[in-house]
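Asker: quick one: sequence plus predicted model below, questions after.
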Amino acid sequence: MIIRIFTACGGGGDACLMKPKIPQQIISLSILFAVFISALFVARGFLVPKSFGKYGHYRADAADEVAAQPIQYAGYHACTECHSDIDEIKRLSNHKGLSCEVCHGAAAKHIEAPDEFIPTAPRERGYCPVCHGYNPSRPTGFPQILATQHNPGKPCMSCHDPHSPVTPRTPEDCSACHREIASEKSVSPHVTLACVRCHAVPQEHLMNPRLALPEKPASREFCGQCHAENADSPKEIPRIDLASHGDRYLCWDCHYPHYPEAR
Amino acid sequence: MNDDNSMNRREFIISCSKALPFTAGFLLFPINATEMLLAQESGGYDPTQHDFAMGIDIHKCIGCARCADACKKENNVPLEPTFFRTWVERYIITTDGETRVDSPNGGIDGYPEISGNMEILRTFFVPKLCNHCANPPCVQVCPVGATFVTRDGVVLVDEKYCVGCRYCIQACPYGARYLHPEKMVADKCTFCYHRITKGLLPACVEVCPTQARIFGEVGLRSSPLRRFLRFNDIVVLKPSLNTKPKVYYAGTDGEVR
């Protein structure tokens, strides 16, 4: 019945009903539409990436491309496979939560070529304060130091083993009482000298400090042991001619031995 | 209508019903086949079986910014101090109620001493990164569909589709995106997608010395993240925006935005 509307027969005779005729323009248009629609599907097949829509309205291969990026940090377990000896020490220490690559840097290359790429080890003083330098924003209780006052000039490793760091004990020796002298000495060229190098300390001094005083150097020749021109000491130590230098003064009249400023 | 027509209609319906089982089979087959194919292609990793998220414990963060440093090295992020996939902010709240936030070079080179004569009430560090929203505004605004949420809950950028229009950078309420200066495409945290799909932790989580960052699966009861979510009071950043972030913060101050 619907077809009848499109027939050329205006009157609607029986002959027309038996042979319904589709008009030429409809046929041409539908061919055109068919061509366009099939072209659309063909073009879509070429243009839309194959993985598009696998998981959602995106190209699933894009996720795989991101996942194909090379790895730089090998991860804790990769390190401990070979370096289990260090891990056994570290896993019991205060640094047990640290991954090796926090300090030693990204080491995936070291896993691939252990001899060609050697990870770095920060031995200089600047690295530890990245975490342990005092910062008021850090959580209370986290071990922190003032890098300018905490044994300046000394590498952290000379007292603390980074694989098994322990909180240093309270000073039991001279600095327990002579705190100011100790901190002055710590920034001086005399930092490496033990107190007993210059002061003979009787054992009694520890119990009764005022009754048994330590000895102090008494002569210019004592300093001359290191600083005289012919002294048997490392050559980077500054030298003077004891006979002409300073005349009748004692060394410590001008040079404070705990912080000798004349360098 | 005549008899010929009614016969045709009946035949048509009968043949249709015969074809029905085949059609149904044809419709169902491609879904299973695709799932299986994808599982094989990516070496056994099936994104439909995972749902990743991150936890951050503010109380544990010491602001060493090793995370930001490791992120740059792992992902070849440009070293200039304007490009970050993750960074650490320092919050200083003074007694007069003022809040100051700074993050010089993401915290990688440390923070300047707190200057001036302000009295500090509270101060702490907050690591920031892409929140991998379940309802991400960046994905909504992308005009070319270059950014998307994967089945395992990670928001990624398709570098081949991205035209660098910066709409997503504008849209992100967390400031987590930047325009890569060489590729000229939007770049952001991927949760180290190349690592997590191989069973490794993201680089920032790997190097965090105090375990302030926790990574894992939301759906897996044994995952460290699930434990973190069980035992902490969790907030997400800017919950009012209904972005449904998947970076969960514990011990977060109300001032953190």
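Answerer: Structure's in. What do you need?
Asker: so B:L121 sits in a strand?
Answerer: Yes. Applying DSSP: H, G, I helix; E, B strand; the rest coil, one finds B:L121 inside a strand.
Asker: which residues touch it?
Answerer: By CB atoms under 8 Å, 6 or more residues apart in numbering or on different chains, the contact set of B:L121 is B:I93, B:T94, B:T95. Placement of C-beta: from N, CA and C, glycine included.
Asker: domains in the chain, by residue range?
Answerer: Reading this off chain A. Each domain of chain A is listed here as a residue range: A:1-38, A:75-114, A:178-254, per automatic domain parsing.
Asker: switch to chain B, please.
Answerer: B:1-41, B:137-187.
Asker: ok, of those domains, where does mean pLDDT dip lowest?
Answerer: Averaged per stretch, pLDDT over the domains of chain B is lowest on domain B:1-41, reaching a mean of 56.
Asker: returning to that earlier point: tell me the one of the contacts of B:L121 nearest chain A?
Answerer: B:I93 (10.6 Å; CB to the nearest CB).
Asker: show the average pLDDT along the host helix or strand of A:V35.
Answerer: According to DSSP states H and E, A:V35 maps onto helix A:24-47. Mean pLDDT, computed over helix A:24-47, is 95.
Asker: what does stretch B:95-111 give?
Answerer: 93.
Asker: what about that stretch, near chain A?
Answerer: Yes. Counting by CB under 8 Å from any CB of the partner chain, chain A has neighbours in stretch B:95-111: B:G110, B:Y111.
Asker: buried set for that stretch?
Answerer: B:S103, B:N105, B:G106, B:G107, B:I108, B:Y111 (16 or more other CB atoms under 10 Å in any protein chain shown).
Asker: with stretch A:209-220 instead?
Answerer: So, applying 16+ other CB under 10 Å, buried residues of stretch A:209-220: A:P217, A:R220.
Asker: now it, how far from the centre of its chain.
Answerer: Taking CA atoms, centre = their mean, to the nearest Å, one finds stretch A:209-220 lying 47 Å from the centre of the chain it belongs to.
Asker: what is the end-to-end distance of that stretch?
Answerer: 26 Å (CA to CA, to the nearest Å).
Asker: average model confidence for that stretch?
Answerer: 87.
Asker: stretch A:134-151 now?
Answerer: Here the average pLDDT along stretch A:134-151 is 88.
Asker: now the terminal residues of it, how far apart.
Answerer: 14 Å.
Asker: re the thing from before, closest one to B:G63 out of the buried residues of stretch B:95-111, please.
Answerer: Closest to B:G63 out of the buried residues of stretch B:95-111 is B:G107 (5.9 Å), distances taken as CB to CB.
Asker: returning to what we had before: other SSEs contacting the helix holding A:V35?
Answerer: In terms of contacts (3 or more CB pairs under 8 Å, 6 or more residues apart in numbering or on different chains; DSSP states H and E), helix A:24-47 is packed against no helix or strand at all.
Asker: what comes up buried for that helix?
Answerer: By neighbour count with 16+ other CB under 10 Å, helix A:24-47 contains no buried residues.
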